[in-house]
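Q: just the structure for this:
(one chain, ligands or ions: 1)
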Amino acid sequence: MWSKRLANLWDGENVASMFKTISLLGIGLIGSSIARDVRSRRLADRIVISTRSEKTLKRAEELGLGDVYTTDLAEAVRDADLVIVSVPVGVSGAVAEAIKDSLKPGAILTDVGSTKSSVIAQMLPHVPEGVHFIPGHPLAGTEHSGPDAGFEGLFEGRWCLFTPLPETDADALEKLKAFWAALGSKTDEMDAAHHDKVLAIVSHVPHIIAYNIVGTAADLETVTESEVIKYSASGFRDFTRLAASDPTMWRDVCLHNKDAILEMLARFSEDLAYLQKAIRWGDGEKLFDLFTHTRAVRRSIIEAGQDTAEPDFGRAHTASKAGE
Ligand code: NAP
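A: All right, here's what the predicted structure looks like:
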């Protein structure tokens, strides 16, 4: 198995890199964080960076994120042993189409998109024979975007989920898992439809609720916008952090995980109606029971090491690393 072999071969100090050439397509928050870790942990001999715009490419070069820079996606993947696509999920199909004739046989092609069924449907038809396509999703991020927003250690202690296909090569999967483990991630596998449901409830719906509540507050006529900002308490402030997330990324997540999000939103609306009724009828017992139960969920998250118990929602500890 690769992970065992790699553990022997690669000690992070002076042994051969995991990959000769890694190509990063998209160099925003996620792509640039990967680049920083690959460089500092010496996981590749050569990092090739490609992005859509000259402006972002130039910034990546100024930041010294790679060794080779190009806006030509096909050129970027020509010698790559590992290709990581880190673009908004809605354009993953177009990226796969652009690189399909240049991918090297035996290369691993993966992505970091927040939705998986749609990414597979878009990319798979373009994956040539002999290339190992392994969809992935690191559960790490922030509300910031672009190459300046990335930082070393973003993936440390966070999950990276894979949604392998029935034909996925076991050795290639182990090698990719070992790569993410070297970035500090814990790895797991599930099928794409299940991933999309899980992420709908733990990430997508919370972001939608945040976008909605901040929008509602901004629209209130009886409370001025300046009062919302001036008196914003921790609850609202925390929603604004989520609601400041990248509009392109989240538009694409909503459009490309539509079914799971609508299913979870329907459940959410039913539960909200129950809560609304309890408040209307002064049913303190129901409210107390629910709030006790949810507090236990919070405790479990802390016990699982996914957040700290610091007050003020752990702001000082998670502000730069909360994301997905
Ligand atoms: P980001 O910081 O906004 O960077 C996006 C990158 O994609 C940029 O290099 C951008 O290029 C490129 N891009 C945008 N539109 C493109 C197009 N039409 N064609 C080709 N390239 C395009 O985004 P990110 O936060 O890194 O997110 C990247 C992926 O990671 C998304 O699929 C997202 O779902 C997933 N993800 C995000 C998070 C998070 O918290 N942010 C967490 C986990 C996974 P230019 O700047 O040159 O236009």
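Q: gap between stretch 85-104 and the chain center?
A: The chain centre lies 17 Å from the centre of stretch 85-104; the measure is C-alpha atoms, centre = their mean, to the nearest Å.
Q: buried stuff in that stretch?
A: Buried residues in stretch 85-104, counted by 16 or more other C-beta atoms under 10 Å: 85-93, 95-96, 98-100, 102-104. Heads up, the C-betas are built off the backbone N, CA and C, glycines and all.
Q: which members of these additionally contact the ligand?
A: Among these, the ones lying near the ligand by C-beta under 6 Å from any ligand atom are 86-89, 91, 95.
Q: show me those that map onto helices.
A: Those of these mapping onto helices are V95, per DSSP state H.
Q: could you dump the ones next to the ligand among the buried residues of stretch 85-104 to TSV with pLDDT?
A: What follows is these, written out as TSV (pLDDT from 0 to 100):
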residue	pLDDT
S86	98
V87	98
P88	98
V89	98
V91	98
V95	98
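Q: among the ones next to the ligand among the buried residues of stretch 85-104, which are in strands?
A: If you go by DSSP state E, these have nothing in strands.
Q: from the ones next to the ligand among the buried residues of stretch 85-104, pick the one nearest D111.
A: S86 (7.2 Å; C-beta to C-beta).
Q: what sits against that closest one?
A: Going by C-beta atoms under 8 Å, 6 or more residues apart in numbering, S86 touches 24-28, 30-31, 34, 111-112.
Q: what about it, distance to S33?
A: To S33, S86 is 9 Å away according to C-beta to C-beta, to the nearest Å.
Q: cool, A178 as well?
A: 18 Å.
Q: same drill for these two, tell me which one is more crowded.
A: Per other C-beta atoms under 10 Å, whichever of A178 and S33 has more neighbours is S33, with 27 against 21.
Q: what comes up buried for stretch 190-199?
A: 192, 195-199.
Q: show me which residues of the stretch 101-250 of the chain sit near the ligand.
A: Listed as neighbours of the ligand in the stretch 101-250 of the chain under the rule C-beta under 6 Å from any ligand atom: 112-114, 138, 141-142, 145-146, 246, 249.
Q: go again with 5 Å.
A: With C-beta under 5 Å from any ligand atom as the criterion, the stretch 101-250 of the chain comes near the ligand at residues 112-114, 141, 145, 246, 249.
Q: okay, those in JSON lines with neighbour count and secondary structure next?
A: Shown next, in JSON lines, are those (neighbours: other C-beta atoms under 10 Å; DSSP: H, G, I helix; E, B strand; the rest coil):
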{"residue": "V112", "neighbour count": "25", "secondary structure": "coil"}
{"residue": "G113", "neighbour count": "29", "secondary structure": "coil"}
{"residue": "S114", "neighbour count": "28", "secondary structure": "coil"}
{"residue": "G141", "neighbour count": "25", "secondary structure": "coil"}
{"residue": "S145", "neighbour count": "19", "secondary structure": "coil"}
{"residue": "D246", "neighbour count": "19", "secondary structure": "coil"}
{"residue": "M249", "neighbour count": "22", "secondary structure": "helix"}
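Q: fine by me, we can end here.
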